[in-house]
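A.B. asks: how would this look folded up:
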Amino acid sequence: MKKKGIIILIVVLLVLAGAAGAIYYVLHNKKASNEELVYATKISDLNGGYDLTESRYMGTVESQEVKGVNRDSDKKVKELYVKEEDEVKAGDVLFEYDTESMELQLRQLELELTSINNNIATLNQQIASLTAEKAAAPAEEQLSYSAQIQNLQAQVNQANYDASAKQLEIDRQKLSMENTKVVAPMDGIIKTINENNSTSSSDDDSSNSNSDNGSDSTSNAYITIMAKGDYRIKATASELTVRSMSEGQSMIVRSRVDDSTWTGTVTKIDLEHPDNGNNDGYYMGSSGTTATKYPFYISLDSTDGLMLGQHVYVETDYGQGDVKEGLWLDEYYIMQEDDGAYVWAENAKGYIEKRKIELGEYDENMMRYQILSGLTEDDYIAYPEDRVKEGMKVTHNYEDVMIDDTGDDGVIDDGSYDDGAYDDGSYDDGSIDDGYTDDGYIDGYTDDGILDDGSINNIDDGANMDGIDGSVEEAAPQDESAPDSDSEVVQ
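C.D. replies: Numbers count the residues shown, from 1 in each chain. Next up is the predicted model:
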């Protein structure tokens, strides 16, 4: 039994040491081999198209202009001449007010003005009478007469003000009676008729142009007229991206069902009226966090093929729709040096080389150079990062260099292995020195765990073999200076 216990102890130690060594060997050898690889991409794949979904918005086709026509709550509509879906021209009569009620109101206003004027005349007579009496009154009564006269003059001033205000009402009523017919402010289609609409007479200007701001300025109008066939795009951008846009910016509109495209320009960005409704517009590159959305509007160069209410994609026009002749390459792949331009390209043997190229035109919008010579669509090129050196082996599988690339940035060299798992983490201070060896599995098994307190002691007590304890303690003595499992390890 003693022999069996010793064998178990030796096996455990060998297995743990072997496992740690194997992990260290595999990971470090994999990293070392990856350091010799560089990832290269085929130029035809780079030029195959751009993924612009990160700057793509949702939009809807709407009428270029919508206007609301209100009615006066102080007036009665005598007759409505249109119905929903009717097509109207600018100047067509929409409805007519009842003049009979307006005439009655005018007479009432005139009577009120006459009463005010009569009151003014009476007050002036009283003032004249008191003024004459004051002249003949003794000195001690002069003050009383003066107070009465001043009071009457104040009443006259108020009456004169009331008379002026009443005259304005009469003039407005007469003007309303001359314009009893309300006409369409533009060509279009009657979209809605809201019988519950009414405005005060002071607000009645016949029409209320729909602002392009996403507000409800026409939602409660008596009659809403929508321009026919003159479409635009309404889209929304989040607060994270809207300020990067500008009026006059060129945009591309894409169909959601086929390859149809349209072009246009941003005509309005409305930061005053956030879109808080259930509009379909959204920023497709969002991370899922909540952000306020603001509407912007695009005037189209052509509306052929579009339908009112159609949902579309919208993206900034960087020139991606233009078909350029020749070979073009993003400028960040190109190294500009005193003696010319170079790229890291794969040679015929599968190794990276520094290849000189001849540049042509430069596209500022797309930040791309035309390549006149030195490369073809079938060549593979690598991004010119600092670690790339001539003669490195090329791979076309990005996963082959993921460990190497991330290692240079900290995941391997500074993180999990060099400074993390090995130097400061799981192995030096964690799993091996302080974890598995000092306080963990090894100490656990030998000093406090299965072998020392369990297997060995039990063997000693159970089998009555007195030599085992001594041999084990001599082989693996307890390090009293080592910190226990609950003490803090000072790095």
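A.B. asks: quick check: mean pLDDT across the longest strand anywhere in the chain?
C.D. replies: Counting by DSSP state E, the longest strand found in the chain is strand 352-363. Averaged over strand 352-363, pLDDT sits at 93.
A.B. asks: next, the angle strand 352-363 makes with whichever helix or strand comes after it.
C.D. replies: Sequence-wise, the next helix or strand downstream of strand 352-363 (DSSP states H and E) is strand 368-373. For strand 368-373 against strand 352-363, the angle between stretch directions is 120 degrees (axes from the mean of the first three to the mean of the last three Cα atoms, to 10 degrees).
A.B. asks: shaky segments in the stretch 51-200 of the chain?
C.D. replies: Along the stretch 51-200 of the chain, the model assigns pLDDT under 70 to residues 51-55, 197-200.
A.B. asks: secondary structure element for Ala348?
C.D. replies: Following DSSP H and E, there is no helix or strand that holds Ala348.
A.B. asks: now for it, how many residues are close by?
C.D. replies: Using other Cβ atoms under 10 Å, Ala348 has 6 neighbouring residues. Where C-beta positions appear, they are placed from N, C-alpha and C, glycine not excepted.
A.B. asks: same deal with Arg256?
C.D. replies: When neighbours are counted by other Cβ under 10 Å, Arg256 comes out with 10.
A.B. asks: what sits against it?
C.D. replies: His311, Val312, Tyr313 (Cβ atoms under 8 Å, 6 or more residues apart in numbering).
A.B. asks: and if we set it to 6 Å?
C.D. replies: Going by Cβ atoms under 6 Å, 6 or more residues apart in numbering, Arg256 touches His311.
A.B. asks: do the same with Ser101
C.D. replies: Lys76.
A.B. asks: what kind of secondary structure is it in?
C.D. replies: Following DSSP: H, G, I helix; E, B strand; the rest coil, the label given to Ser101 is helix.
A.B. asks: look up how far Met245 lies from the residue lying closest to Arg71 once chain neighbours are set aside.
C.D. replies: Using Cβ to Cβ, 6 or more residues apart in numbering and skipping the chain neighbours, the partner closest in space to Arg71 is Tyr222 (4.5 Å). Using Cβ to Cβ, to the nearest Å, one gets 35 Å for the distance from Tyr222 to Met245.
A.B. asks: these two: which is more packed in?
C.D. replies: Tyr222 (23 against 15).
A.B. asks: contact partners for the more buried one?
C.D. replies: By Cβ under 6 Å, 6+ apart, the contact list for Tyr222 reads Val69, Asn70, Arg71, Asn194, Asn197.
A.B. asks: tell me how many other residues crowd the first one.
C.D. replies: Counted with other Cβ under 10 Å, residues neighbouring Val69 total 25.
A.B. asks: show me what it bridges to in the sheet.
C.D. replies: Assessed by DSSP bridges, Val69 has beta-bridge partners Ile223.
A.B. asks: what about it, distance to Ile193?
C.D. replies: When Val69 is compared with Ile193 (using Cβ to Cβ), they lie 10 Å apart.
A.B. asks: between these two, which contacts overlap?
C.D. replies: Common neighbours of Val69 and Ile193 are listed as Ile223 (criterion: Cβ under 6 Å, 6+ apart).
A.B. asks: and stretch 132-142, what's buried?
C.D. replies: Buried positions in stretch 132-142, judged by neighbour count with 16 or more other Cβ atoms under 10 Å: Lys134.
A.B. asks: start and end of it, how far apart?
C.D. replies: Length of stretch 132-142, first residue to last, Cα to Cα, to the nearest Å: 11 Å.
A.B. asks: who's in contact with it?
C.D. replies: With Cβ under 6 Å, 6+ apart as the criterion, stretch 132-142 contacts Tyr145.
A.B. asks: what does stretch 298-318 give?
C.D. replies: Residues from elsewhere that reach stretch 298-318, judged by Cβ under 6 Å, 6+ apart: 52, 55-57, 59-61, 231-233, 235, 250-254, 256, 260, 262-267, 365-366.
A.B. asks: what about that stretch, start to end distance?
C.D. replies: 16 Å.
A.B. asks: tell me the mean pLDDT for that stretch?
C.D. replies: Rounded mean pLDDT across stretch 298-318 is 88.
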